[in-house]
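[1] okay, structure incoming, though there's no sequence with it:
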């Protein structure tokens, strides 16, 4: 029977609402969630396509790409963790708050190395709300936010329509963000900030989803105006208050002498300039097949974003909760951790 | 075509309904008699601003769908086409819903024999998020305390939990950029005459629903529901009929005034420069049904540029379906970049209408004239 | 001709293409700016083709079909003639002058009509200058 249910978009940290259309416990489409205060029913292509993953759903555990009994896989994972002294756990912005807590305490208990990548951005205590962006008199944009995070981009468009000045720093030659900007530079972030900082006042906001280097983050913070960092994963902001983030270099260094790697709910192989196959055991906990599960030695299925309950913190620091909209007997990350502990 | 006043004989439905509960009663009759597999109607989810299309298969659940929701700019045409094509269903439809259904029937995408359509007169809908902001700004009330809203006599009226009402002139709200959605402001089809029945409170006495019976199937519905003992009817007075058509005419006049004022040329708006090629406008369009076979996805047309060239993107879409645009405004609603897409589609449908007399989803032609095999030139 | 105006000519196989052929065999001079694309019927031409031509740099698009009543496929040219109205309406919206888009019924024997039509069209486009799409 046809059902339309509310949920949250899993594709970035903006926190858009999205309705999914379900038929006999299978997701068949999306439907605009117009009541949602973040996006008023508007979703970008990534959001609407996020249900496309369900054709790649993983329902069974596998070892060396051959399906095995779930308990056998758990035993194998426990064995690997206990037998090796260098085990790294990859925490992801896709994990809910409760999942991240569980992963963290598990790592501490077993004395494992925890790494967490936050787009080379970091946590900022005070961030601007999306409404702040709309009401700003001037917006500095770093990165092609209109294209990459359209539902924040929309707030920048509103700001422009309200008379705000928009200045952007984008490395690409052509971009939609540049098209709505009063001025665009492609030089370094430092130069960009120096050039335009005099335009800022108390209502201005600096929106960014990328920077050149860590110093840029200090510089943005030192400006003393409202800022809004936008992350690429749903709950990166939330997890930043649970775990410290690592830079790409730090993570690659940690991976270099890793014997066993545990990846929770993420597809990381293409994000790092590193040969993951050189690790002796890669263990992936994932709801969907992806490039990471493809090279993993052990794959354990976990609940998908439509099947579990949890909460995440969106880019503007608001905690959002979601409930399961599909029935499933696959285990959640928390349950899986209980199993491999025991 | 004939008129009738109706109200529910079920006390609970009569109380929950907007004006007499006739629509809910007819749904109950259809479900209880097994004439349909399900009823597709709006049910408020988060609050009164959140009407979500819901397929009801048990008549006891119908009560949750009673009442009208103006902050629910939904579209059911493509839902029926994509997911309910093989089911017998009854559905409540706004004028733009039935217009899209009509266009899909003309394209053999919906089987009219499987469908009972109960039309709802519509003065326009309000977007939920901007509607709440509007109540916050222009009314004394807290948006959370509103239990229902109503458009009457040129006013947007809200009713609060304590029974009190507050009203603001729609004109004043719309002048400030709030009120009804832009496409509703210029929509001149207020009574869904292609549905089996067109129901509403215009011209009706308190506690009764004024129903225009549009076809035989509609008459059968009224007769059946009466026979089943769930609906009672009486003839409306001449004054009621006149009152109703007066409301309709005022609404249409208001729309025409907005039509004169709001059509820039496609080239005249610079919003296209922020188009991110997400295809949300195409994917939500109830008339577009080619999906993966869409011309825009063909290798010879796939635009790699972002923003895409307007003529290669919207131009192609315009030529494919603008003559059938029912101005439902869904494309505006879902555009992440707030580009007023529907404006150009509606404009082109009006141009087409000037050439051919064809009004999308309203005219009785068996096909839009473009598709006709007849040997005629325009 | 020293100009580089680009004209895309979509010609029906049965009539107008024959007309162009007739003009050629009789050595009638017509502007070399026209790039001819042969299609089986004017009724086969969809608006997207016209838009794509303009989008990719054509300054004018010409469509040639059989005279009404002569369609090899009975009613293709009626279909095209109705479709052309929509094309006109849409082009206007994108700031493309309606003179840049022309269609004409030309039979296989009307070489001269093809020649004069091309000359006229070229003259019109010369006056309008190259197309600059926004």
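    It's in. Everything numeric in this text was worked out from a predicted model, so none of it was measured.
[2] walk me through the domains of chain A.
    With domains defined by automatic domain parsing, chain A comprises A:2-56, A:62-119+A:236-341, A:130-229.
[3] would you turn the ones you listed into a markdown table with distance to residue C:53 and mean pLDDT?
    From N, CA and C alone the C-beta is placed, and that goes for glycine too. Formatted as a markdown table, the domains of chain A follow (distance: least, CB to CB, whole Å; pLDDT from 0 to 100):
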| stretch | distance to residue C:53 | mean pLDDT |
| --- | --- | --- |
| domain A:2-56 | 28 | 95 |
| domain A:62-119+A:236-341 | 39 | 94 |
| domain A:130-229 | 24 | 95 |
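[4] can you say which of those is nearest to residue B:22?
    domain A:2-56 (25.0 Å; CB to CB).
[5] first vs last residue of the closest one, how far apart are they?
    22 Å (CA to CA, to the nearest Å).
[6] repeat for stretch A:223-241
    In stretch A:223-241, first residue to last residue: 23 Å (CA to CA).
[7] check stretch B:87-107 too.
    This stretch, stretch B:87-107, spans 18 Å end to end (CA to CA).
[8] contact partners for the residue lying closest to residue A:199 once chain neighbours are set aside?
    Counting by CB to CB, 6 or more residues apart in numbering or on different chains, residue A:138 is the residue found nearest to residue A:199 once chain neighbours are left out, at 5.0 Å. With contact taken as CB atoms under 8 Å, 6 or more residues apart in numbering or on different chains, residue A:138 is in contact with A:164, A:165, A:166, A:167, A:199, A:200, A:201, A:203, A:204.
[9] take those and write them to a markdown table, including secondary structure and neighbour count.
    Formatted as a markdown table, the contacts of residue A:138 follow (DSSP: H, G, I helix; E, B strand; the rest coil; neighbours: other CB atoms under 10 Å in any protein chain shown):
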| residue | secondary structure | neighbour count |
| --- | --- | --- |
| A:164 | coil | 21 |
| A:165 | strand | 18 |
| A:166 | strand | 22 |
| A:167 | strand | 23 |
| A:199 | helix | 15 |
| A:200 | coil | 22 |
| A:201 | coil | 10 |
| A:203 | coil | 16 |
| A:204 | coil | 25 |
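[10] among the residues you listed, which one lies nearest to chain C?
    Of all the contacts of residue A:138, residue A:166 has the smallest distance to chain C: 21.1 Å, by CB to the nearest CB.
[11] was I right to think that closest one contacts residue A:182?
    Yes: the pair residue A:166 and residue A:182 passes the contact test of CB atoms under 8 Å, sitting 5.5 Å apart.
[12] ranges for the helices of the stretch 101-250 of chain B?
    Here the stretch 101-250 of chain B has its helices, by DSSP state H, counting those that start in this stretch, at B:128-138, B:170-175, B:182-186, B:216-227, B:238-261.
[13] same deal with the stretch 151-300 of chain A?
    Going by DSSP H, counting those that start in this stretch, the stretch 151-300 of chain A shows helices at A:176-180, A:189-196, A:214-222, A:236-240, A:248-256, A:291-295.
[14] quick one: low-confidence residue ranges for chain C.
    Counting by pLDDT under 70, chain C contains low-confidence ranges at C:1-2.
[15] so who does whichever residue of chain C sits closest to chain A touch?
    Nearest residue of chain C to chain A: residue C:134, at 12.7 Å (CB to the nearest CB). When contacts are counted by CB under 8 Å, 6+ apart, residue C:134 touches B:267, B:310, C:94, C:95.
[16] go ahead and confirm residue C:107 touches residue C:18.
    Yes: using CB under 8 Å, residue C:107 is in contact with residue C:18, at 7.4 Å.
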